[in-house]
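Engineer: pasted the sequence and its predicted model underneath.
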Amino acid sequence: MRAAIINLGLLICAIVLALAPVSGMRWVLRTHTFNVAEQRLEETAQRTLTHIDGLLSEAADVIAGVSDIMHASCGSNERSRLSAAAFNARAAKNILILGPDGRTLCSSSEIPAGNYLGARFRPASQKNLAVALSPVSDAGRSLLNVSFTDGDRMLIASIVLDLQRLDYVPAEWKHNIVGLLAFDDGTMIARLPVWDGKTKAVDRRHSAPTLSAVAASEHFPIHVSMNVAMETALESARILSVIVDLGGGLLGVLFFLIIAQAIWRRPTVEDAIARGIRRDEFIPYYQPVFNIQTGALVGCECLIRWRKADGSIVPPGVFIREAEESGLAVEMTKRLMNKVRDEVGAVYATQPQLKMAINLFADHFSDFATVNDVRHIFSTGGMRYSQLVFEVTERYPLPNLARAKLAIKGLQDLGCKVALDDAGTGHGGLAYLQTLGMDQIKIDKLFIDTITSSNTGSPIIDSLIELGRSLMMEIVAEGIETGEQLHYLRNRGVHFAQGYLFAKPLAGKAYLALIAASSAPSSQVASAPAPAEGQPPMGSNSAHAEAA
């Protein structure tokens, strides 16, 4: 009954929300149009400034190239160099050298110099470089002077501002926009662009709301400012309003149908996993790892289990693949690491020889976040970074080996080890070992199962063992269930193994009890006799191997 009331309330909300799309879309459209117009205006101002900035920078480079003749006499060679420099610059009208009294000492042309010393030169970012508005013009076109001062002499390049060429304004804005090129102190250089007096219409409308943009040069004391009437900027929104009115109704109906479907949709496995993460239902189990040469407990592999609200335990085979594909495995693993730290960290602090292996997934290696999580989580609680082993499965490919290598290197820099899990079963193989720099190889149960009383050899296992030795890597065998398998691995020098022959995955309390028992002098695992070949130990169940 309660669920029906909730669904009815949601349905009523859906009906109300279905009526809102038209006004909502109008607002979205207007906001989007405003943002686009603002971006276009900023781009227009920036493109205009970039063009002018480029001309000034080019002029600065040109006069720097002839600065060595500033103090020379004005001979034919000097005039030729000035003329060549002016010719090579796109917009340079004239290049000249002035003396301390303002008199022209040398020039690239016969153009009257004017009173350059009377002009106000404004310093640029580069030392001894300045910019001023020229006292003369070129057929009504503004000139900017770029000057370089050395002692009592000044080298000047006059730059023609062909304002018609600076027309980067969208066509639909041309009669409703004001653009100004000015010095940073507010002195106007020119109005941009010039349209035969048509910008007067803008001045009459300037009191109306406008959209503004300013682009300032990083190298010269100039900036470009542009203002467009808001009505003009939002013109396209009015054109589209009719479409919005028609489409909004259809969208409202679609929105209603989507919400209605969501209300009655059956929860998916992904939904259940997400809910389980929020409720903290995923817990660690620990499968002990032993040194099969000495019998000593050397640590465990942390395996995840889903303990639901009713107390039932769900094995990972039911949910792990879905969690990985949905991206939920990252958060799930993060919470699992916190539980491991809280549950066994204090005991591990007193047992530095014990290792804790934790499985990671492809998403963990897409960036450096996992390294940061490990650093943060295990910075407290007693467990050392050197006690951690992170397993990378070979069953599913890593999408970006370069990023994975960085993440693995980050874990190793903390002191952690990285193991190749399910070795020989999947995509990476030798490439992973060579590229990613693993510390440990874990031989999968798939290959261990080939060791039987009737099969006295396993070439794949032997190859993996030999490969690990050649790369100076630790080898761990998984899924040991029979005495034959144990003896086979012992005889080939394998030191570490886990499986039902030794112990099932244990809950936290049981694992802590095992650590306590293994630490007691009278309970060393090494003192226990090895099981007879072909005979599992008491209490083991070799018929049902639990998935990692």
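Structural biologist: It's in.
Engineer: tell me the residue in the protein that is farthest from the middle.
Structural biologist: residue 75 (60.8 Å; C-alpha atoms, centre = their mean).
Engineer: quick check: phi and psi on that residue?
Structural biologist: Dihedral pair for residue 75: phi -100, psi -180, per degrees, to the nearest 10.
Engineer: regarding this protein, what is its longest helix?
Structural biologist: Determined from DSSP state H, the single longest helix within the chain is helix 21-65.
Engineer: just checking, next helix/strand downstream of that one?
Structural biologist: helix 76-88 (DSSP states H and E).
Engineer: pull out the buried residues from that following helix.
Structural biologist: Judged by neighbour count (16 or more other C-beta atoms under 10 Å), helix 76-88 contains these buried residues: 78, 81, 82, 85, 86. Heads up, the C-betas are built off the backbone N, CA and C, glycines and all.
Engineer: residue contacts, the residue minimising distance to the centre of the chain?
Structural biologist: Residue closest to the mean C-alpha point of the chain, counted by C-alpha atoms, centre = their mean, is residue 367 at 7.4 Å. Contacts here follow C-beta atoms under 8 Å, 6 or more residues apart in numbering; on that basis residue 367 touches 403, 407.
Engineer: just say helix, strand or coil for it.
Structural biologist: coil (DSSP: H, G, I helix; E, B strand; the rest coil).
Engineer: again, but for residue 290
Structural biologist: Assignment for residue 290 (three-state DSSP): strand.
Engineer: which residues touch it?
Structural biologist: Residue 290 touches 296, 297, 298, 496, 497, 498, 502, 525, counting by C-beta under 8 Å, 6+ apart.
Engineer: repeat for residue 169
Structural biologist: 44, 177, 179, 193, 226 are the contacts of residue 169 under C-beta under 8 Å, 6+ apart.
Engineer: chain neighbours aside, what residue packs nearest to the second one?
Structural biologist: It refers to residue 177. Distance criterion C-beta to C-beta, 6 or more residues apart in numbering; nearest residue to residue 177, sequence neighbours excluded, is residue 228 at 4.5 Å.
Engineer: just to revisit the earlier point, just the contacts of residue 290 now: which is nearest residue 440?
Structural biologist: residue 496 (8.6 Å; C-beta to C-beta).
Engineer: in the sheet, which residues pair with that closest one? Tell me.
Structural biologist: Beta-bridge pairing for residue 496 (DSSP bridges): residue 291, residue 476.
Engineer: give me the number of residues near residue 70?
Structural biologist: Look at residue 70: counted by other C-beta atoms under 10 Å, it has 20 neighbours.
Engineer: ditto for residue 46
Structural biologist: If we define neighbours as other C-beta under 10 Å, then residue 46 has 18 of them.
Engineer: okay, it: pLDDT?
Structural biologist: Per-residue pLDDT puts residue 46 at 89.
Engineer: report the contact partners of it.
Structural biologist: Applying C-beta under 8 Å, 6+ apart, the residues contacting residue 46 are 215, 224.
Engineer: if we can go back for a sec, angle of the longest helix of the chain against helix 76-88?
Structural biologist: 170 degrees (axes from the mean of the first three to the mean of the last three C-alpha atoms, to 10 degrees).
Engineer: run the chain-centre distance for helix 21-65.
Structural biologist: Chain-centre distance of helix 21-65: 27 Å, with C-alpha atoms, centre = their mean, to the nearest Å.
Engineer: tell me the contacts of residue 364?
Structural biologist: So residue 364 contacts 329, 330, 333, 370, 407 (C-beta under 8 Å, 6+ apart).
Engineer: how about the third one, secondary structure?
Structural biologist: The one in question is residue 333. Per three-state DSSP, residue 333 ends up helix.
Engineer: list the beta-bridge partners for residue 358.
Structural biologist: Here residue 358, judged by DSSP bridges, has bridge partners residue 302, residue 390.
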